[in-house]
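**Student:** Here you go, sequence then predicted model.
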Amino acid sequence: MSLKALIYKELKELLMEKTILIGVVLMPLLLFPTIGGIFSFTMMEATRVEEIETVTLAVNDLDEGEYSSFLIDRIRENNVQVIFIRGGSNLNELFDKGIAAFIEFPREFTENISAGQKAKIYVFYNVKNAKINSLISISKVSGVLSRAYQSLSEKLAEEIGIDLGFLSKPIEEESNTFYRGDVLNYPPTIIVNTILSSVYGLPLVALIVVGLTATISATSIGLEKEAKTLEILLTLPISRLKILFTKMLASTIIALIGMFSFGVGFGIYLILAFSRMGSLQELSSMSGDIEVFTPTVFLFPLNSTAIIILMLIIFIAMLLTMSIGGILVGVLAEDVRGSQQLVGATTFLPMFPAFFLTAFININELAFPVSLLMMLNPYTHLFRAIDYVSTGKYLEAISATMVTGLFTLVFLIVSAWLFSGEKLITLKVSLRKKKEIS
């Protein structure tokens, strides 16, 4: 049997497996666009309703002075309907009528401001439910009040002849950040947020890729065992290493298809989900207390060297995971279900500690026993390599990749050894309860 025929056979069997076809290929294309569409529709309806509806506020002006009247006039200028309440007020009755907020000016409001003292007003917001439309409504009310307060501040400053803009901010800071030998004209918070997004984002993509390859390669062997075709395949005049190579190659192809499906589905989700963010940002920008989107700057050194090293890292990680979680688990498991259950224990258990520890702390600063254990974990060097690439330390990234490659070579040798002997057929670990024979 030729290599092409073997690869075709493996791909056909894997694509006919429902768990792979649905979970790996079809699910991202269906799930992400669905979530994005629902989110976009929800945002559209929430913003449409808030744009159409006029905000109604209830005001109890116990002060009836110059400055309380000034604030009320400024509030009205923002397309806000004001209903005056005299005497006592029942909040339940007011909010049942659709009032967005209830404002009460105390009697000493104008007197305190005239005396140069801070005045207090009481604002009761109507939170109808814990949904986006309530957030938008609160943002609009808060924004209207903020602009009214600003207008009052400008009026007071003008009365006493003070430049409010200069007094409130006499110093204008131009923030710059020194990063990797360059001076960037961005605040450090933006730089740090961008670096963290790349440090977390790249390893997460690697987790998805290598996790898929492990599951698929383990399923490949599990299908052979379940269908009892592995014994027949081993009797053919084909090198077992050739069989091992074709299974790993087919698993890699399916994993890449799954990643492409994931990328397309996630891209559609981003387009649908954030197509309405502009409307929400415009509405919520009325309030200075609510921040919807913080712009970032792209700092990741996406040059040819970084891309080549990243591809090498992902490729070695796929080989590592296929040898540990794919081939070894496939050999030990009795069937497809057993293979897929054991994959999580053999791959994700060592993956997640390495991911989180590498992301949050410096491995070299750990105490000796813990640092040794982490260094013995092959995935630690994988995530360190990605971290080095994201910061432009290419020599360190290649060094960590070589260590990961050594671990991969060891596990590939073990996998080839298992494939060359009878253990491929005799070794079985069943996760199902055996039925008692009565």
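**Tutor:** Perfect, I can see it now.

**Student:** can you pull the alpha-carbon coordinates of stretch 77-88 into PDB?
**Tutor:** The C-alpha trace of stretch 77-88 is given here as PDB (Å, rounded to 0.1, in the frame of the first residue of the first chain):
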ATOM      1  CA  GLU A  77     -31.200  70.700  26.900                       C
ATOM      2  CA  ASN A  78     -30.200  67.100  26.400                       C
ATOM      3  CA  ASN A  79     -33.500  65.900  25.100                       C
ATOM      4  CA  VAL A  80     -34.600  64.800  28.600                       C
ATOM      5  CA  GLN A  81     -38.100  65.100  29.900                       C
ATOM      6  CA  VAL A  82     -38.300  66.400  33.400                       C
ATOM      7  CA  ILE A  83     -41.300  65.600  35.700                       C
ATOM      8  CA  PHE A  84     -41.500  67.700  38.900                       C
ATOM      9  CA  ILE A  85     -42.500  65.900  42.100                       C
ATOM     10  CA  ARG A  86     -43.800  67.900  45.000                       C
ATOM     11  CA  GLY A  87     -43.700  66.600  48.600                       C
ATOM     12  CA  GLY A  88     -43.100  62.900  49.300                       C
END
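
**Student:** quick thing: my sequence starts at 44, can you match it?
**Tutor:** All right, first residue 44 from here; so that's stretch 120-131.

**Student:** residues of it that come out buried?
**Tutor:** Neighbour counts over stretch 120-131 (16 or more other CB atoms under 10 Å) mark 123, 128 as buried. For the C-beta atoms, the positions are set from N, CA and C on the backbone; glycine is no exception.

**Student:** hey, where'd the strands end up in the chain?
**Tutor:** 98-104, 123-127, 144-148, 165-168, 220-222, 225-227 (DSSP state E).

**Student:** what residues go with each domain of the chain?
**Tutor:** Following automatic domain parsing, the chain resolves into domains at 98-211, 229-469.

**Student:** Same list, these, but as a markdown table with distance to residue 61 please.
**Tutor:** A markdown table is the format used below for the domains of the chain (distance: least, CB to CB, whole Å):
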| stretch | distance to residue 61 |
| --- | --- |
| domain 98-211 | 37 |
| domain 229-469 | 10 |
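
**Student:** can you tell which of those is closest to residue 217?
**Tutor:** Closest to residue 217 of the domains of the chain is domain 229-469 (CB to CB; 9.5 Å).

**Student:** Now do the same contact list for the closest residue to residue 283 other than its chain neighbours.
**Tutor:** Spatial nearest neighbour of residue 283, chain neighbours left out: residue 462 (4.6 Å); criterion: CB to CB, 6 or more residues apart in numbering. Contact analysis of residue 462 by CB atoms under 8 Å, 6 or more residues apart in numbering lists 283, 284, 286, 287, 370, 374.

**Student:** Of those residues, which pair is most distant in space?
**Tutor:** 284 and 374 (14.3 Å).

**Student:** still on that earlier bit, mind checking which of the strands of the chain is nearest residue 54?
**Tutor:** The closest of the strands of the chain to residue 54 is strand 220-222. By CB to CB, the value is 45.3 Å.

**Student:** Between residue 284 and residue 374, tell me which one has more neighbours.
**Tutor:** residue 374 (24 against 12; other CB atoms under 10 Å).

**Student:** Okay, the nearest residue to that one once chain neighbours are set aside and residue 371: tell me how far apart.
**Tutor:** Nearest non-adjacent residue to residue 374, counting by CB to CB, 6+ apart: residue 461, 5.1 Å away. Residue 461 sits 7 Å away from residue 371, taking CB to CB, to the nearest Å as the criterion.

**Student:** Which one's more surrounded, these two?
**Tutor:** residue 371 (22 against 19).

**Student:** if we can go back for a sec, among the domains of the chain, which is nearest residue 46?
**Tutor:** domain 229-469 (6.6 Å).

**Student:** quick one: the residue nearest to residue 374 and residue 372 touch, right?
**Tutor:** No - using CB atoms under 8 Å, residue 461 makes no contact with residue 372, being 11.1 Å away.

**Student:** Next, the contact list for residue 257, please.
**Tutor:** Contacts of residue 257 by CB under 8 Å, 6+ apart are 364, 365, 367, 368, 369, 372, 386, 389, 390.

**Student:** Show me which of those are buried.
**Tutor:** 364, 365, 367, 368, 369, 372, 386, 389, 390.

**Student:** what's the most distant pair in those?
**Tutor:** 365 and 389 (11.5 Å).

**Student:** Chain neighbours aside, what residue packs nearest to residue 210?
**Tutor:** residue 200 is the one closest to residue 210 (CB to CB, 6+ apart), at 7.1 Å.

**Student:** I'd assumed residue 194 was in contact with that neighbour.
**Tutor:** No - if you go by CB under 8 Å, residue 200 and residue 194 don't touch, sitting 10.8 Å apart.
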